[in-house]
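>>> what follows is a predicted structure for the sequence shown.
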2 protein chains.
Amino acid sequence: MAGIKDVADRAGLSIATVSRALSGKANVSAKSRKLAKTAAAELGFVPSYHASSLASGRNHNVGLVLPSVHRWYFSSVLEGVSATLLDAGYDLTLYNVGDQAARRQSVLNDFLLRKRLDAVIAVALVLTDDEIQRLLAIHRPIVGIGGALAGASTIRINDSGLSRMATNHLIQLGHTRIAHLTGDPALNQDFKLPGIRQAGFEAAMKNAGLPVRPEWQISADFTIQGAYTSARRLLGMGTERPTAVFAASDEMAIGTILAARDFGLRVPHDLSVIGMDGHELGEVFGLTTINQDARGQGALAARLLLETLDAGTPAGNDGSATDREYPTELVIRTSTAVPPA
Amino acid sequence: MAGIKDVADRAGLSIATVSRALSGKANVSAKSRKLAKTAAAELGFVPSYHASSLASGRNHNVGLVLPSVHRWYFSSVLEGVSATLLDAGYDLTLYNVGDQAARRQSVLNDFLLRKRLDAVIAVALVLTDDEIQRLLAIHRPIVGIGGALAGASTIRINDSGLSRMATNHLIQLGHTRIAHLTGDPALNQDFKLPGIRQAGFEAAMKNAGLPVRPEWQISADFTIQGAYTSARRLLGMGTERPTAVFAASDEMAIGTILAARDFGLRVPHDLSVIGMDGHELGEVFGLTTINQDARGQGALAARLLLETLDAGTPAGNDGSATDREYPTELVIRTSTAVPPA
DNA sequence: AACACGTGTGGAAGCGTTTTCATTTTTTGG
DNA sequence: CCAAAAAATGAAAACGCTTCCACACGTGTT
């Protein structure tokens, strides 16, 4: 494998000049630059990533920590991050930590801290103060998406406010018997989101003077199939049925619609369903939802980091932690309507 | 940040001994090892990834090249690979190349070749001979999953045979009017799979003496929503309808079932649907399918690579390219039945 | 008793770049 | 046309580890 020495020899230049020429630095004559580039191309020279990182301290590598890659939200964020980084010539190191505490520990300890990442994007990860301290201690920019990361920059949507908005949409249509399908708290302890969305739901109900029935607050694991099962239980209860369901994710909303169909309930005639996300599959079901462009959030996070890195701020997270709210929109389709007479 | 020198000083040992002790090498006395470990822990020492890689030539990093992270198959493979690597202390560098040729080129050139990966897993990627040559030239183990990679080890399922099996399942139930929903060839030129599955379908039909109607061979983009649209067109045709559909993926099978429901067709009474994959969502729809455990395939690929790497074979892909067929199983649920009288 | 051998250990030579610094060459302005 | 400033260049010092090599020290073998 050709090294930079070989290129220098072939181009008749010094190693230093070749290095400068190839990495696009200033103070290299046009002639030398061309010479170096030609020689490099002829030899098929590719700089060693590790040597370059070791010498320069730059890694061109961003870490992404995710709890899952299967759920729509996470794979969408991943896609946005991935595309942005790839275009910028950065590598993406993926840490799919799942819900296992052990794996998460090992990621934090052995991987993230190994000075091998220029920056970290953490999605929906609630860290302990100690963990955050450790992360901040390595003085790398950190961006949190959809999760509270005190001390780091975050990109979030207004979960509580949007939940109220979704609930209010149902209330304004005239619904009074509204159920809420929330995330499963037991499954994901690091994940405060279900609670926040649920609080927004309850606030909207209280505000409208409507009762919040405990038996209509059910949970699932954020998947279609999980929600389907939970929704069947809800709709199959012998007692009075809700006329509307607000599901904390589109996938769970879709599961609810499928369950409703099984019971012969027409959506929206017999049951209104509203979700939250902007899942592509929502169109097929005419799902009313709040669109949150997860892909865009991922792309934005990556762009922010790249800017910080390019600016060359040594300690990226020095007090400049910003918290931005990502824009969303209510998309009204055909899964919500006035309640049956 | 503490370096290995600091640890050595604190432990009263030489740098060399500390290095050996911490990386678990032989020829270190129990006492020294304990001394080194204690000192390292006290200082919070974490070895520099780049320095270590540069010196040792080992990266502890495997690249995964995927066309997408949204479709079930790919995110499942990703999950399997990710978990296995994480447990082994390896990093996973993700290249989500999508279907853009430019991005793919840049990945091959600028990323993969940068000597920064110990091995590469390529999923459903059909490469040109030249591209394969370049990959093999870097002398790193390569495993291909679900795609032909001449010269590299591969893990595949018997796509053609399984398509025949799926089709035969329908034929044996008594169906004669069978449609096939295949992948969209235009969308993914690097992707021979749709063609192979389609060939299997046609072979089974021919073998049974059944006609293959061109208007019943439709395509979609492997998503539920795409298949839904295509299936609506198929089922909405004024003419005679098929009594069964073999979809080249579970997601497309589900899209077909949804479309069928829209037309008031009962599955399986009016229309039998069989898919292929083993998607978790299949259970909700009672989908008959061929289970292929994509997650397991990813995990196996990662394990194979780790073994090769641990064995320390210098050039991992020296003729020992194996081609293994991953086991699958036909899962019969309730979406297939005898045709209507 | 002399020898070979295995085990621990530390010094120092890499690994392949980037970057500093001193030096040489070119450009600019008076 | 010359001095001073600016631009281009190369030698060499990092970067922070791993590992080769040489050496010291027991043990077991003739």
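Ah, there it is. Please read all numbers here as calculations on a predicted model, not as lab measurements.
>>> from now on I want contacts and neighbour counts done on CA atoms only, so please keep to that.
OK.
>>> against DNA strand D, how distant is the closest residue to chain B within the stretch 1-150 of chain A?
Using C-alpha to the nearest C-alpha, residue A:93 is the residue of the stretch 1-150 of chain A that sits closest to chain B, at 4.5 Å. Relative to DNA strand D, residue A:93 is positioned 20 Å away (C-alpha to the nearest atom of the strand, to the nearest Å).
>>> mind checking the backbone torsions on that residue?
phi -100, psi 120 (degrees, to the nearest 10).
>>> OK, contacts around the closest residue to DNA strand C within the stretch 101-250 of chain A?
Closest residue of the stretch 101-250 of chain A to DNA strand C, C-alpha to the nearest atom of the strand: residue A:118 (13.7 Å). By C-alpha atoms under 8 Å, 6 or more residues apart in numbering or on different chains, the contact list for residue A:118 reads A:58-63, A:140-141, A:309.
>>> and chain B, is the least confident helix or strand in chain A by mean pLDDT touching that?
Within chain A, no helix or strand scores below helix A:101-106, which has a mean of 72 by mean pLDDT, DSSP states H and E. Yes: applying C-alpha under 8 Å from any C-alpha of the partner chain, one finds helix A:101-106 touching chain B at residue A:103.
>>> please save the CA atoms from that helix in CSV.
Extracted as CSV, the C-alpha positions of helix A:101-106 are listed here (Å, rounded to 0.1, in the frame of the first residue of the first chain):
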residue,chain,number,x,y,z
ALA,A,101,-28.5,-1.6,30.8
ALA,A,102,-25.3,-3.6,30.5
ARG,A,103,-24.8,-2.8,26.8
ARG,A,104,-25.5,0.8,27.5
GLN,A,105,-22.8,0.9,30.2
SER,A,106,-20.3,-0.7,28.0
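>>> residues making contact with it?
Under C-alpha under 8 Å, 6+ apart, the answer for helix A:101-106 is A:97-98, B:86-87.
>>> let's go with 6 Å and repeat that
residue A:97 (C-alpha atoms under 6 Å, 6 or more residues apart in numbering or on different chains).
>>> enumerate the positions of it that are buried.
A:103-104 (16 or more other C-alpha atoms under 10 Å in any protein chain shown).
>>> and if you look at stretch A:212-224?
For stretch A:212-224, by 16+ other C-alpha under 10 Å, it's A:212, A:216-224.
>>> get me the contact residues on the stretch 51-200 of chain A for DNA strand D.
Applying C-alpha under 7 Å from any atom of the strand, we find that the stretch 51-200 of chain A lies next to DNA strand D at A:51, A:54-55.
>>> return the closest of these with respect to residue A:207.
Relative to residue A:207, the closest of these is residue A:54; by C-alpha to C-alpha it sits at 58.2 Å.
>>> residue ranges of the strands in chain A, please?
Using DSSP state E, the strands found in chain A span residues A:61-66, A:91-96, A:119-123, A:142-145, A:153-156, A:178-183, A:217-220, A:244-247, A:272-274, A:289-291, A:323-325, A:329-331.
>>> list the strands paired with the third one, with their directions.
For strand A:119-123, the paired strands and their directions (DSSP bridges) read strand A:61-66 (parallel), strand A:142-145 (parallel).
>>> nearest to residue A:330, out of these?
strand A:142-145 (20.4 Å).
>>> can you map out the helices along the stretch 151-300 of chain A?
A:159-172, A:193-207, A:224-236, A:250-262, A:294-311 (DSSP state H, counting those that start in this stretch).
>>> so who does residue A:157 touch?
Counted by C-alpha under 6 Å, 6+ apart, residue A:157 has contacts A:325-326.
>>> just the local confidence number for it, please.
Reading off the confidence values, residue A:157 has pLDDT 93.
>>> separation between it and chain B?
22 Å (C-alpha to the nearest C-alpha, to the nearest Å).
>>> cool, and residue A:306?
Counting by C-alpha to the nearest C-alpha - residue A:306 and chain B are separated by 18 Å.
>>> show me the contacts for that residue.
If you count contacts by C-alpha under 6 Å, 6+ apart, then residue A:306 has nothing around it.
>>> about what we covered before: by pLDDT, give me the weakest of the contacts of residue A:118.
residue A:140 (82).
>>> thought that residue was touching residue A:120?
No: applying C-alpha atoms under 6 Å as the test, residue A:140 and residue A:120 come out as separate, 7.4 Å apart.
>>> so what's residue A:84 closest to, chain neighbours aside?
residue A:299 (5.7 Å; C-alpha to C-alpha, 6 or more residues apart in numbering or on different chains).
>>> and the one you found, how many neighbours does it have?
Residue A:299: 21 surrounding residues under other C-alpha atoms under 10 Å in any protein chain shown.
>>> low-scoring stretches of the stretch 201-341 of chain A, by residue?
For the stretch 201-341 of chain A, the stretches flagged by pLDDT under 70 are A:312-320.
>>> flag every residue of it that's near chain B.
A:225, A:281 (C-alpha under 6 Å from any C-alpha of the partner chain).
>>> quick one: the most centrally placed residue in chain A from residue A:152, how far?
With distances taken as C-alpha atoms, centre = their mean, residue A:77 lies nearest the centre of chain A, 4.1 Å away. In this view, residue A:77 and residue A:152 are 18 Å apart by C-alpha to C-alpha, to the nearest Å.
>>> residue A:223 too?
Taking C-alpha to C-alpha as the measure, residue A:223 falls 29 Å from residue A:152.
>>> same thing with residue A:240?
Distance of residue A:240 to residue A:152, given as C-alpha to C-alpha: 46 Å.
>>> could you check which of those two has the larger neighbour count?
residue A:152 (22 against 9).
>>> if I pick the more buried one, what's in contact with it?
A:142-143, A:321.
>>> count of residues packed around residue A:206?
12.
>>> with residue A:340 instead?
12.
>>> go on, residue A:252?
So residue A:252, with other C-alpha under 10 Å, has 30 neighbours.
>>> now the one 10 residues further on
Using other C-alpha under 10 Å, residue A:262 has 13 neighbouring residues.
>>> so residue A:91 makes contact with residue A:61?
Yes: Residue A:91 is within contact range of residue A:61, at 4.5 Å (criterion: C-alpha under 6 Å).
>>> of these two, which one has the most company?
residue A:91 (22 against 19).
>>> and the more buried one, how far from residue B:3?
Distance from residue A:91 to residue B:3, by C-alpha to C-alpha: 25 Å.
>>> residue A:331 too?
For residue A:331, the distance to residue B:3 - C-alpha to C-alpha - is 54 Å.
>>> likewise for residue A:133?
Counting by C-alpha to C-alpha, the gap from residue A:133 to residue B:3 is 20 Å.
>>> which ones are touching residue A:336?
A:268, A:272-273.
>>> which residues of chain A lie near DNA strand C?
A:2-5, A:15-17, A:19-20, A:23, A:45-48, A:51-57.
>>> what do you get if the cut-off is 6 Å, keeping everything else the same?
For chain A, the contact set with DNA strand C under C-alpha under 6 Å from any atom of the strand comprises A:3-5, A:15-16, A:19-20, A:23, A:47-48, A:51-52, A:54-56.
>>> just the buried members of the residues you listed?
A:4, A:15, A:19-20, A:47-48, A:54.
>>> restrict the residues you listed to contacts with chain B.
Near chain B, by the rule C-alpha under 6 Å from any C-alpha, you find A:48, A:54 out of these.
>>> just the strands of chain A: most buried one?
strand A:272-274 (a mean of 31; mean count of other C-alpha atoms under 10 Å in any protein chain shown).
>>> poorly predicted segments of the stretch 1-150 of chain A, please.
A:99, A:101, A:109-110, A:113-114.
>>> switch the cut-off to 80
The stretch 1-150 of chain A contains residues with pLDDT under 80 at A:1, A:98-115, A:125-139, A:147-150.
>>> one step back: tell me the contacts of the residue nearest to residue A:84?
Contacts of residue A:299 by C-alpha under 6 Å, 6+ apart are A:80-81, A:84.
>>> how near is it to residue A:59?
19 Å.
>>> before we move on, the earlier item: out of the contacts of residue A:299, who has the most neighbours?
residue A:81 (25 neighbours).
>>> near chain B, which residues of the stretch 1-150 of chain A?
Residues of the stretch 1-150 of chain A lying near chain B (C-alpha under 6 Å from any C-alpha): A:46, A:48-50, A:54, A:92-94, A:114, A:116.
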